[in-house]
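Trainee: no sequence on this one, just coordinates:
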């Protein structure tokens, strides 16, 4: 589309020059000193431009303005056929039957406001992290403080909201053990929602907007694709890159809570567990062939980054966590990222939409844009070298570092 606009502008220039050339064919032009600008007197009586009457004997040639191609608008970039628009959010936990059904939402179809749904609908790929099982019945709960077993209808609620890609690699994926994972797989397959992260389903591939996408999800937990098995992870990402146009990596990584909002560049630990080094792993994934890295797990939002033209979100926070998850303060704000990648996976343009959760009511837009300002602050402090421009209106643009 960009090349078509440039061609259109050049065509207008060529036509203008051609008309001028035709008008002066056969004219013998000599300078006329009585004009300060370049003025010419035509000596050819048959010239159709100059001899309509004697008053047209002398003409002034105006300077032709330089013609510049019009810049592409954001809408044109986003709608260009060689790009794909990805909408990404963080944790999704739509209620749980553990310890009892009082933690189920009464109106699950209202968890996402109409404004939220409108933004989600913009994505050709709509991603989130499924924090737990969809297992309204069946399965055996693990003996742990927090067990997330969402109602069976959660698959419908997610599909109706527009989600078509989910990570199932996290520390709650196996809360209802293997039977819970199998029930979850069945629900997601029935709703045609792509997913990856279980050992039985480590990856998936699909085509959207003519672009083939490979996806893998990883976490530091048993029963899912474990990023501590780095050799296997890197070789799998490399294979995905060879077979797809764009590779997305989801990583459930980093320590949890408001005390852990910053990217330190070091390995993080939480409750005695090695939760990985988000900064390092994101770069390793991109070096191996990933085009987009989407982080979650700390239950708070973190900085964003750009490495080798590929976008990184270190943590997307709690997007819609209905119950049994702390959503006070910074734990209750999260972004919706809208990202446009070209067919090679390079980041083109993006937007941050600020959301907030209201206890037992779901997620809605935040007119105060608190999480936008938090992302701006954290990115400035933690990744000052990130070649990204984040504006007050939420727009994200790559900065050309060449």
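Mentor: Thanks, I have the structure now. Keep in mind it's a predicted model, so treat the numbers as computed, not measured.
Trainee: Report the residue spans of the stretch 301-402 of the chain with pLDDT below the cut-off.
Mentor: Along the stretch 301-402 of the chain, the parts satisfying pLDDT under 70 run over 401-402.
Trainee: the helices in it, which residues?
Mentor: Per DSSP state H, counting those that start in this stretch, the stretch 301-402 of the chain carries helices over the ranges 370-382.
Trainee: Could you measure from the residue nearest to residue 315 when sequence neighbours are not counted over to residue 176?
Mentor: Setting aside the residues directly before and after it, residue 315 is nearest to residue 302 in space (C-beta to C-beta, 6 or more residues apart in numbering), at 3.9 Å. Glycine gets a C-beta too; all of them are placed from N, C-alpha and C. Residue 302 sits 29 Å away from residue 176, going by C-beta to C-beta, to the nearest Å.
Trainee: The helix or strand containing residue 84 - what's its average pLDDT?
Mentor: Here residue 84, judged by DSSP states H and E, is contained in strand 83-93. For strand 83-93, mean pLDDT rounds to 98.
Trainee: Ok, stretch 143-161 next?
Mentor: Averaging pLDDT along stretch 143-161 yields 97.
Trainee: for it, which positions count as buried?
Mentor: The neighbour-count check on stretch 143-161 (16 or more other C-beta atoms under 10 Å) flags 146-151, 153-159, 161 as buried.
Trainee: For the protein, which segments are assigned as helices?
Mentor: Ranges of helices within the chain are 2-24, 74-79, 114-120, 154-161, 177-190, 230-243, 278-288, 370-382, based on DSSP state H.
Trainee: ok, of these, where does mean pLDDT dip lowest?
Mentor: When the helices of the chain are compared by mean pLDDT, helix 2-24 comes last with a mean of 38.
Trainee: pretty sure residue 276 is touching residue 221, no?
Mentor: No. In this structure residue 276 lies outside contact range of residue 221 using C-beta atoms under 8 Å: 10.9 Å.
Trainee: In terms of neighbours, single out the busier of those two.
Mentor: For residue 276 and residue 221, the more surrounded residue by other C-beta atoms under 10 Å is residue 276, and the numbers stand at 25 against 21.
Trainee: Distance of the more buried one relative to residue 87?
Mentor: Distance from residue 276 to residue 87, counting by C-beta to C-beta: 25 Å.
Trainee: With residue 210 instead?
Mentor: Distance from residue 210 to residue 87, by C-beta to C-beta: 18 Å.
Trainee: what number of residues lie near the closest residue in space to residue 146 that isn't next to it in sequence?
Mentor: Using C-beta to C-beta, 6+ apart and skipping the chain neighbours, the partner closest in space to residue 146 is residue 324 (5.9 Å). Here the count is done by other C-beta under 10 Å, and residue 324 has 16 residues near it.
Trainee: residue contacts, residue 324?
Mentor: 93, 96, 103, 146, 148 (C-beta atoms under 8 Å, 6 or more residues apart in numbering).
Trainee: Now residue 137. Nearest residue, chain neighbours left out?
Mentor: Closest to residue 137 by C-beta to C-beta, 6+ apart is residue 152, at 7.3 Å.
Trainee: ok, back up a step: taking their axis directions, the strand holding residue 84 and helix 154-161 sit at what angle?
Mentor: On the basis of axes from the mean of the first three to the mean of the last three C-alpha atoms, to 10 degrees, strand 83-93 is oriented at 150 degrees to helix 154-161.
Trainee: so how far is strand 83-93 off the chain centroid?
Mentor: 7 Å (C-alpha atoms, centre = their mean, to the nearest Å).
Trainee: From the contact counts, what lies against it?
Mentor: Secondary-structure packing of strand 83-93 (3 or more C-beta pairs under 8 Å, 6 or more residues apart in numbering; DSSP states H and E): strand 125-130, strand 292-296, strand 318-321, strand 333-342.
Trainee: Quick check: the residue positioned nearest the centre of the chain vs residue 208, distance?
Mentor: For the chain, residue 339 is the residue whose C-alpha lies nearest the centre (C-alpha atoms, centre = their mean; 2.5 Å). From residue 339 across to residue 208, the span is 13 Å (C-beta to C-beta).
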